[in-house]
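Enquirer: starting from these lines, generate the structure:
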Amino acid sequence: MSSRKRYIINPDTLSYELARESVSARLLKFLAWLGIGLVCFLVYGWLYTRVLGLPLPKTRYLESRNAELVSSYRMLDERLDEQGKVLYDIQMRDNSVYRPIFGMEQIPSEIRNAGFGGVDRYSYLQEYDNAPLLVSSAMKMDILSKKAFVQSKSFDEVSLLAQRAGDMATCVPNINPVDMSGAGVRIASPFGYRFHPVYHRPILHRGIDITGPSGYPIFATGDGVVESVSVSFYGYGNCVVIDHGFGYKTRYAHLRSALVAPGQKVSRGDQIARMGNSGLSTGTHLHYEVIYRGSPVNPWNYLTDDLSVEEYSELVRPADK
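Expert: Predicted coordinates for the structure are as follows:
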């Protein structure tokens with residue numbers, strides 16, 4: 001159906017002609033319709049959002065995207081917690097298994113769990129919605145990164161020592177310090193608390209006492225470097241301490257004489273001293289200690305009982321007289 005047309009009479013020709021709108025009239029009509037449409041749109045938006053309480057399509061889309069992002073961050077936060085537990089297990093094995101094998105000190109928890117300062121580090125996240133979740137995830141990520149770096153450095157250290165595992169086999173003090181087949185040679189006092197023969201009260205005996213004849217050869221029980229040679233009228237008397245590396249040291253006390261000097265390298269089976277009765281001692285004997293990572297351990301666990309006299313004789317090398 002055609003739109004209605006408007007005609008006007010031409011006074012010159014006395015005939016009807018089609019009326020044509022001026023440009024200004026058309027513009028005014030367009031602006032009028034535009035204004036009506038805008039008003040209708042605003043009224044629709046007001047009714048949709050204020051009266052009915054419904055979000056606009058764009059708002060609904062943004063809310064959906066925001067919910068997806070929040071869900072992703074929550075999943076990330078949970079995965080960071082899981083990875084933190086895995087890393088904690090690795091740290092515990094590192095401190096209780098890997099490092100002790102090679103005589104390495106444990107990494108203190110204050111180093112592994114060092115913090116990152118105040119909350120200002122994450123102040124740039126406070127302006128966002130769900131700021132607590134964002135800060136939590138960022139903090140966990142930083143902590144995991146630092147712990148992983150510390151653990152990586154620890155594994156580097158363990159790896160370097162693992163390459164020297166063959167050296168460790170000869171450094172660990174694992175033979176007897178004297179030939180136990182000699183006449184009168186025996187273990188006279190074990191490791192642990194005992195009634196002290198001089199102080200007459202219970203005292204921790206940090207090693208074992210092996211009796212034998214004066215001047216009886218004493219041998220290094222593992223490869224190492226002589227840390228000290230001391231002479232005293234009390235306590236240990238004449239004493240030699242060998243550092244074997246890998247956390248191990250051995251002490252040989254109450255000697256008649258030492259045959260080594262500080263800084264000297266020794267091999268397992270080298271004669272280093274002669275048995276005596278120096279210091280706080282009530283008879284000729286060797287006081288032998290095994291020290292692991294700074295603490296005395298029972299030398300009995302390192303004495304060798306499965307070597308024959310001939311095999312032991314092949315291992316030890318008496319000093320030239």
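Enquirer: contacts, neighbours, all on C-alpha from now
Expert: Noted.
Enquirer: per-residue pLDDT, residue 248?
Expert: Residue 248 is assigned 92 on the pLDDT scale.
Enquirer: quick one: it from residue 107, how far?
Expert: Using Cα to Cα, to the nearest Å, we find residue 248 at a distance of 18 Å from residue 107.
Enquirer: okay, these two: which has more neighbours?
Expert: For residue 248 and residue 107, the more surrounded residue by other Cα atoms under 10 Å is residue 248, and the numbers stand at 22 against 16.
Enquirer: tell me who's in contact with the more buried one.
Expert: 103, 172-173, 290-293 (Cα atoms under 8 Å, 6 or more residues apart in numbering).
Enquirer: those, buried ones only, as a PyMOL selection?
Expert: Only the buried entries of the contacts of residue 248 go into this PyMOL selection, using 16 or more other Cα atoms under 10 Å:
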select buried, resi 103+172+173+290+291+292
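Enquirer: pull the residues that contact the helix or strand where residue 100 lies.
Expert: For residue 100, the element it lies in under DSSP states H and E is helix 99-101. With contacts defined as Cα under 8 Å, 6+ apart, helix 99-101 is touched by 105-106, 158.
Enquirer: which one of the residues you listed is nearest residue 63?
Expert: Closest to residue 63 out of the contacts of helix 99-101 is residue 106 (49.8 Å), distances taken as Cα to Cα.
Enquirer: for that closest one, give its distance to residue 81.
Expert: 24 Å.
Enquirer: could you do residue 125 as well?
Expert: Note on residue 125: its distance to residue 81, by Cα to Cα, is 20 Å.
Enquirer: ok, now residue 184?
Expert: In terms of Cα to Cα, residue 184 sits 64 Å off from residue 81.
Enquirer: reduced to three states, what does residue 218 come out as?
Expert: strand (DSSP: H, G, I helix; E, B strand; the rest coil).
Enquirer: isn't it up against residue 180?
Expert: No: with contact defined as Cα atoms under 8 Å, residue 218 and residue 180 do not form a contacting pair (10.8 Å).
Enquirer: tell me which of those two has more neighbours.
Expert: residue 218 (25 against 18).
Enquirer: partners of the more buried one in the sheet?
Expert: Assessed by DSSP bridges, residue 218 has beta-bridge partners residue 273.
Enquirer: so who does it touch?
Expert: So residue 218 contacts 177-178, 271-275 (Cα under 8 Å, 6+ apart).
Enquirer: which strands or helices does the helix or strand containing residue 38 pack on?
Expert: In the assignment (DSSP H and E), residue 38 maps to helix 23-46. Applying 3 or more Cα pairs under 8 Å, 6 or more residues apart in numbering; DSSP states H and E, we find helix 23-46 packed against no helix or strand.
Enquirer: show me which positions of the helix or strand following that helix end up buried.
Expert: With elements assigned by DSSP H and E, the helix or strand that comes after helix 23-46 is helix 57-93. Judged by neighbour count (16+ other Cα under 10 Å), helix 57-93 contains these buried residues: 70, 73-74, 77, 80-81, 84, 87-88, 91.
Enquirer: stretch 260-280 too?
Expert: 260, 265-280.
Enquirer: if we can go back for a sec, for the contacts of helix 99-101, which ChimeraX command selects only the ones that are buried?
Expert: To isolate the buried ones among the contacts of helix 99-101 in ChimeraX, judged by 16+ other Cα under 10 Å, type:
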select :106,158
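Enquirer: out of the contacts of helix 99-101, who's nearest residue 303?
Expert: Set against residue 303, the nearest of the contacts of helix 99-101 by Cα to Cα is residue 105 (24.5 Å).
Enquirer: for that closest one, give me its contacts.
Expert: Contacts of residue 105 by Cα under 8 Å, 6+ apart are 95, 99, 293.
Enquirer: how far away is it from residue 113?
Expert: Distance, residue 105 to residue 113, by Cα to Cα: 17 Å.
Enquirer: one more: residue 69?
Expert: Relative to residue 113, residue 69 is positioned 30 Å away (Cα to Cα).
Enquirer: what does residue 235 give?
Expert: The value you get for residue 235 to residue 113, if Cα to Cα is used, is 42 Å.
Enquirer: how about residue 25?
Expert: Distance of residue 25 to residue 113, given as Cα to Cα: 79 Å.
Enquirer: closest to residue 165 out of the buried residues of helix 57-93?
Expert: residue 91 (21.6 Å).
Enquirer: so what's the closest one closest to, chain neighbours aside?
Expert: Counting by Cα to Cα, 6 or more residues apart in numbering, residue 151 is the residue found nearest to residue 91 once chain neighbours are left out, at 7.0 Å.
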